[in-house]
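Asks: everything below, folded, please.
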Amino acid sequence: MKSKLLFLICPLAVSLALAATTADLPFGLWTRAANEPILSPQGTTWESAGAFNPAVVFHNGKFVMLYRAQDATGTSRLGYAESPDGLHFTRRPDPVLSPEADYEKDGGVEDPRLQKFGDTWYLTYTGYNKKDAQLCLATSRDLIHWERKGVILPAYKGNWNKGWTKSGAIVPEKIDGKYWMYWLGTAADKTDQMGLSYSTDLLHWTEATTTPVLPRRPGKFDSRVVEPGPPPILTDRGIVLIYSGADDQLVYRAAVAVFDRHDPRKLLFRSDAPIFAPEKSWEKVGQVPNVVFVEGLVLKDNRFFFYYGGADKYVGVAMSPRVTHGTIVTH
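Replies: Numbers count the residues shown, from 1 in each chain. Modelled structure (predicted):
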């Protein structure tokens with residue numbers, strides 16, 4: 001209660017602290033572009049329980065969203081929606097990816113991230129079969145028809161990961177002749193932390209570190225979970241990665257890490273405080289309370305759109321001020 005009162009009494013101090021955090025980043029302070037969800041559960045079938053955790057890209061003159069849709073039994077599929085302005089989305093009536101493979105059956109396909117190389121879209125997602133959750137890959141030319149490539153980071157394997165794998169955020173360009181991907185794994189102490197792997201073909205991945213590339217921080221807002229968000233932004237100052245941090249009470253907030261432009265293993269900067277947190281009632285109450293979970297990122301008309309899941313039930317969007325400096329070097 002005390003921290004809430006301080007926030008209400010001292011909004012200027014909070015804003016100044018966040019401004020300092022984001023001073024050297026390609027975006028400024030985020031503001032909600034809509035006070036209500038831009039996507040909510042609907043109907044009585046495949047998206048009746050949740051429509052959340054979206055990947056969003058700008059493609060063929062429109063915003064395209066792949067979102068996690070959940071039915072009343074807890075099975076997840078990926079829905080497709082598109083928008084001319086990034087705020088008002090029209091959905092396709094049927095999912096574009098449904099659980100079919102053994103590693104997806106009964107649990108589903110969850111939490112997409114999108115990256116494009118050449119004419120091909122690469123979709124990383126979590127395949128969950130009610131037993132294991134594993135990071136998977138599919139490809140497409142049109143964002144509607146998908147070809148599975150299978151599990152790319154198996155669960156229970158790795159240098160430090162002892163559990164499930166999730167949340168693959170692929171760097172948008174090769175560095176040192178390799179593709180790079182930040183991801184989530186479970187350490188021996190059962191906390192979820194961030195790993196890093198590289199690949200020459202986007203299908204076969206090798207761990208780049210022997211310990212988490214971005215570990216949890218006991219006592220802070222990211223003491224329990226450190227999870228990659230959307231694919232990183234490449235700037236002349238580094239690889240800018242938005243991530244989700246959860247504390248010991250599993251309150252999820254957004255933060256930022258910056259890695260070296262020439263060595264994705266090397267951390268240059270990390271948020272001391274969150275830059276975005278649950279505030280609205282629909283971000284605090286849902287299938288999982290107190291969650292803002294950023295997965296989608298679009299730069300359009302010199303402004304960043306940040307798309308996030310609210311309380312594992314809804315989709316929200318925040319925006320940055322217009323970008324006025326020239327730090328962005330790609331995409």
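Asks: buried ones in stretch 75-87?
Replies: Applying a neighbour-count criterion of 16 or more other Cβ atoms under 10 Å, one finds Thr75, Ser76, Arg77, Leu78, Gly79, Tyr80, Ala81, Glu82, Ser83, Gly86 buried in stretch 75-87. C-betas here are computed from N, CA, C, even on glycine.
Asks: now do stretch 164-176
Replies: Applying a neighbour-count criterion of 16+ other Cβ under 10 Å, the buried positions in stretch 164-176 are Trp164, Thr165, Lys166, Ser167, Gly168, Ala169, Ile170, Val171, Pro172, Ile175.
Asks: again with stretch 116-130
Replies: So for stretch 116-130, counting by 16+ other Cβ under 10 Å, buried means Lys116, Trp121, Tyr122, Leu123, Thr124, Tyr125, Thr126, Gly127, Tyr128, Asn129.
Asks: in a markdown table, list the buried residues of stretch 75-87 along with pLDDT, secondary structure and distance to Trp160.
Replies: As requested, those are arranged in a markdown table below (pLDDT from 0 to 100; DSSP: H, G, I helix; E, B strand; the rest coil; distance: Cβ to Cβ, whole Å):
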| residue | pLDDT | secondary structure | distance to Trp160 |
| --- | --- | --- | --- |
| Thr75 | 98 | coil | 31 |
| Ser76 | 98 | strand | 27 |
| Arg77 | 98 | strand | 32 |
| Leu78 | 98 | strand | 29 |
| Gly79 | 98 | strand | 34 |
| Tyr80 | 98 | strand | 36 |
| Ala81 | 98 | strand | 37 |
| Glu82 | 98 | strand | 39 |
| Ser83 | 98 | strand | 40 |
| Gly86 | 97 | coil | 38 |
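Asks: list just the nearest of those to Ser244.
Replies: Ser76 (17.8 Å; Cβ to Cβ).
Asks: low pLDDT regions in the stretch 201-331 of the chain?
Replies: Within the stretch 201-331 of the chain, the segments meeting pLDDT under 70 span 324-331.
Asks: give me that answer again for 50
Replies: By pLDDT under 50, the weakly predicted segments of the stretch 201-331 of the chain are 326, 329-331.
Asks: where do the helices sit along it?
Replies: Using DSSP state H, counting those that start in this stretch, the helices assigned to the stretch 201-331 of the chain run over residues 281-284.
Asks: dump the buried residues of stretch 75-87 to JSON lines, plus distance to Ser140.
Replies: Supplementary listing: the buried residues of stretch 75-87 in JSON lines, determined by distance: Cβ to Cβ, whole Å:
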{"residue": "Thr75", "distance to Ser140": "22"}
{"residue": "Ser76", "distance to Ser140": "18"}
{"residue": "Arg77", "distance to Ser140": "15"}
{"residue": "Leu78", "distance to Ser140": "11"}
{"residue": "Gly79", "distance to Ser140": "15"}
{"residue": "Tyr80", "distance to Ser140": "11"}
{"residue": "Ala81", "distance to Ser140": "16"}
{"residue": "Glu82", "distance to Ser140": "14"}
{"residue": "Ser83", "distance to Ser140": "19"}
{"residue": "Gly86", "distance to Ser140": "21"}
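Asks: distance check, Met319 against Asp85.
Replies: In this view, Met319 and Asp85 are 12 Å apart by Cβ to Cβ, to the nearest Å.
Asks: A strand includes Thr126, no?
Replies: Yes: according to DSSP: H, G, I helix; E, B strand; the rest coil, the state of Thr126 is that of a strand.
Asks: partner residues bridging it?
Replies: Going by DSSP bridges, Thr126 is paired in beta bridges with Glu110, Leu135.
Asks: that older thread, go through the buried residues of stretch 75-87 and say which is closest to Val294.
Replies: Closest approach to Val294 among those (Cβ to Cβ): Gly86, at 14.6 Å.
Asks: ramachandran angles for the residue nearest to that closest one when sequence neighbours are not counted?
Replies: Distances taken as Cβ to Cβ, 6 or more residues apart in numbering place Phe63 nearest to Gly86, at 4.5 Å, with adjacent residues excluded. Backbone dihedrals for Phe63, given as degrees, to the nearest 10, come out at phi -80, psi 130.
Asks: could you pull out the strands for the stretch 101-250 of the chain?
Replies: Assigned strands in the stretch 101-250 of the chain, in chain order: 108-117, 120-128, 133-140, 147-153, 165-170, 179-186, 192-199, 206-207, 225-228, 233-235, 238-246 (criterion: DSSP state E, counting those that start in this stretch).
Asks: let me have those in JSON lines, extended by distance to Thr45.
Replies: Formatted as JSON lines, the entries for the strands of the stretch 101-250 of the chain read as follows, by distance: least, Cβ to Cβ, whole Å:
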{"stretch": "strand 108-117", "distance to Thr45": "14"}
{"stretch": "strand 120-128", "distance to Thr45": "19"}
{"stretch": "strand 133-140", "distance to Thr45": "22"}
{"stretch": "strand 147-153", "distance to Thr45": "23"}
{"stretch": "strand 165-170", "distance to Thr45": "26"}
{"stretch": "strand 179-186", "distance to Thr45": "29"}
{"stretch": "strand 192-199", "distance to Thr45": "31"}
{"stretch": "strand 206-207", "distance to Thr45": "40"}
{"stretch": "strand 225-228", "distance to Thr45": "29"}
{"stretch": "strand 233-235", "distance to Thr45": "37"}
{"stretch": "strand 238-246", "distance to Thr45": "29"}
